[in-house]
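Colleague: Here is a sequence together with a model predicted from it:
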Amino acid sequence: MQVVYSTAHLGHDVTHETVSGESVPAYEVAERAERIRAALEADGGFELVAPTAHGDDPIRAVHDPGLVAFLETAWSEMRRQGVPRLAMIPDTYPNPAMFEGMSEDARDRLREPETLAGRAGWWGLDTSTPFVAGTYVAARAAVDVALTAVDLVLGGQRSVYGLCRPPGHHAARSMYGGYCFFNNAAIAADAIATTTGERVAILDVDFHHGNGTQQIFWRRGDVRYVSIHGDPTRQYPYFLGHPDEVGEGDGNGENLNLPLPAGTTNAAYLGAVERALEAIVEVPGSVVVVSLGFDTYGLDPLGDFALTTDLYHDVGRLVAATGRRLVILQEGGYHRPSLGENARAWMRGVDGRPFDPLPVAGFTGGGTVA
Ligand code: SP5
Ligand code: ZN
């Protein structure tokens, strides 16, 4: 299998994020992608490919030009405004209740502030997504990784893995957040739909609901979004990901959310995968985009499921068994020691190759570490 990878992600070298008002060591760090790259290289069955540049157009097809302009200029503007910080995290966000009672006209007159703190709050979702000097270049490279994976699949490859970092599925048309800046999977799916004229299905198996992807395709009938995730009643992104969110307009019935409880085991998870794949194969297209996260792993510090490495081999196999060509894009996964093996298991499953785990400590279920 070809794996698209760029060293540009290393420039998005965040050290801290803010969780519940407290500065903590960042979860979404460069080591994540490096662990996966190293494991796939050591496996020997994967070919690393560099991305090619795809320009702004595919990004603007999905994102608000204002968001693109903000992300492109934020760092130089921060320097110009003399903000003496290594990372930008806003503290004030426009809660919709702030505008309660205002007419649509009055709301249309709301505008982006000028100070960086205000602008970051205007475009951002949460305090866990710091912006540093190399963020924009890294986020652009992650889009190119996704679009290069699309090129390779449309060029005839059966399945290609885009090792995107930063991830993308929390980024909406006009919003960044959840460690995501541009929505790599949505940009890829839109590019596939535009290029092929076919319908596209997105399977999101990151632990978190992909609120950004859902938002982008909410009213579109040509892209179906199916997500398995921790129930938003207890987990980030908290406000979206419920089963009654089914899409509207042309997109009515094209959005499927499958939230799961804390402690979800391999067996229960496989049941949800089966339901999700039924919805995926209803879509009459040849390509499926996978938003892949390993934060469903039993030892993940952000997720609360109990999945094991072996399960990822099964899921990869089952997704490939749909017969669709796969553009597999990396999203989350924060238990760093297991990321390489989990990615290797998933991709070997897709390739129909057996998986022999390396003899390292890992989660084996039942709350034990073997
Ligand atoms: C791509 C992706 O997986 N983004 C996830 C963003 C999660 N943001 C952090 C939310 C904080 C949740 N509370 C932390 C509890 C740690 N024990
Ligand atoms: Zn996640």
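Modeller: Looks like it came in fine. Everything numeric here is computed off the predicted structure, so don't read it as measured data. Ligands and ions are numbered 1, 2, ... in the order given.

Colleague: Can you name the residues that contact the residue in the stretch 101-250 of the chain positioned nearest to ligand 2?
Modeller: Nearest to ligand 2 in the stretch 101-250 of the chain, going by C-beta to the ion, is H208, at a distance of 3.6 Å. C-beta: built from backbone N, CA, C; applies to glycine. By C-beta atoms under 8 Å, 6 or more residues apart in numbering, the contact set of H208 is 169-170, 178, 229-230, 235-237, 241, 293, 295, 302, 332.

Colleague: send the alpha carbons of stretch 114-133 over as CSV?
Modeller: Taking C-alpha atoms only, stretch 114-133 is exported to CSV below (Å, rounded to 0.1, in the frame of the first residue of the first chain):
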residue,chain,number,x,y,z
GLU,A,114,-9.1,43.0,14.5
THR,A,115,-7.0,41.8,17.5
LEU,A,116,-5.6,38.3,17.1
ALA,A,117,-7.2,37.1,20.3
GLY,A,118,-10.6,38.2,19.0
ARG,A,119,-10.0,36.8,15.5
ALA,A,120,-9.0,33.4,16.9
GLY,A,121,-12.1,33.3,19.0
TRP,A,122,-14.2,34.3,16.0
TRP,A,123,-12.9,31.4,13.9
GLY,A,124,-12.1,28.8,16.6
LEU,A,125,-14.1,26.3,18.5
ASP,A,126,-12.1,25.4,21.6
THR,A,127,-9.0,26.1,23.8
SER,A,128,-7.3,22.8,22.9
THR,A,129,-6.2,23.8,19.4
PRO,A,130,-3.1,26.1,19.7
PHE,A,131,-1.8,27.8,16.6
VAL,A,132,2.0,28.1,16.2
ALA,A,133,4.5,29.4,13.7
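
Colleague: Give the residue spans of this protein that score low on pLDDT.
Modeller: By pLDDT under 70, the weakly predicted segments of the chain are 360-361, 366-370.

Colleague: and the residue of it found nearest ligand 2, which of the three is it?
Modeller: Residue of the chain nearest ligand 2, by C-beta to the ion: G332 (2.9 Å). With DSSP: H, G, I helix; E, B strand; the rest coil as the basis, the three-state label of G332 is coil.

Colleague: Give me the contacts around stretch 33-53.
Modeller: Against stretch 33-53 from outside (C-beta under 8 Å, 6+ apart): 1-6, 9, 141, 144-145, 147-148, 151-152, 161, 163, 165, 330, 336-337, 339-341, 343-344, 347-348, 351, 353.

Colleague: That one and ligand 1 in contact?
Modeller: No - shown here: stretch 33-53 not in contact with ligand 1 (C-beta under 6 Å from any ligand atom), separated by at least 12.5 Å.

Colleague: buried stuff in that stretch?
Modeller: For stretch 33-53, a neighbour-count test (16 or more other C-beta atoms under 10 Å) marks 33-37, 39-40, 43, 46, 49, 51 as buried.

Colleague: tell me the two of these that are most distant?
Modeller: Spanning the widest gap among those are D43 and P51, at 20.8 Å by C-beta to C-beta.

Colleague: Walking through the stretch 101-250 of the chain, point out its strands one by one.
Modeller: Per DSSP state E, counting those that start in this stretch, the stretch 101-250 of the chain carries strands over the ranges 159-162, 200-204, 223-230.

Colleague: Including distance to E72 and mean neighbour count, could those go into TSV?
Modeller: As requested, the strands of the stretch 101-250 of the chain are exported to TSV (distance: least, C-beta to C-beta, whole Å; neighbours: other C-beta atoms under 10 Å):
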stretch	distance to E72	mean neighbour count
strand 159-162	22	27
strand 200-204	26	27
strand 223-230	26	26
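
Colleague: a markdown table for those, including distance to ligand 2?
Modeller: A markdown table is the format used below for those (distance: least, C-beta to the ion, whole Å):
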| stretch | distance to ligand 2 |
| --- | --- |
| strand 159-162 | 16 |
| strand 200-204 | 9 |
| strand 223-230 | 8 |
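
Colleague: quick one: which of these is nearest P94?
Modeller: strand 223-230 (25.4 Å).

Colleague: What is the subsequent helix or strand relative to that closest one?
Modeller: Moving toward the C-terminus from strand 223-230, the next helix or strand (DSSP states H and E) is strand 255-260.

Colleague: tell me the angle that following strand makes with strand 223-230.
Modeller: Relative orientation of strand 255-260 versus strand 223-230 (axes from the mean of the first three to the mean of the last three C-alpha atoms, to 10 degrees): 10 degrees.

Colleague: For strand 255-260, which strands pair with it and how are they oriented?
Modeller: Strand 255-260 pairs in its sheet with strand 223-230 (parallel), by DSSP bridges.

Colleague: interface residues of the stretch 1-150 of the chain facing ligand 1?
Modeller: Proximity of the stretch 1-150 of the chain to ligand 1 (C-beta under 6 Å from any ligand atom) is limited to residues 19, 128.

Colleague: Can you show me the helices along the stretch 1-150 of the chain?
Modeller: Assigned by DSSP state H, counting those that start in this stretch, the helices in the stretch 1-150 of the chain fall at 30-43, 57-60, 65-80, 104-108, 116-123, 135-154.

Colleague: now the first one, how far from the centre of its chain.
Modeller: If you compare the mean C-alpha spot of helix 30-43 with that of the full chain, they lie 18 Å apart, counting by C-alpha atoms, centre = their mean, to the nearest Å.

Colleague: All good on my end, thank you.
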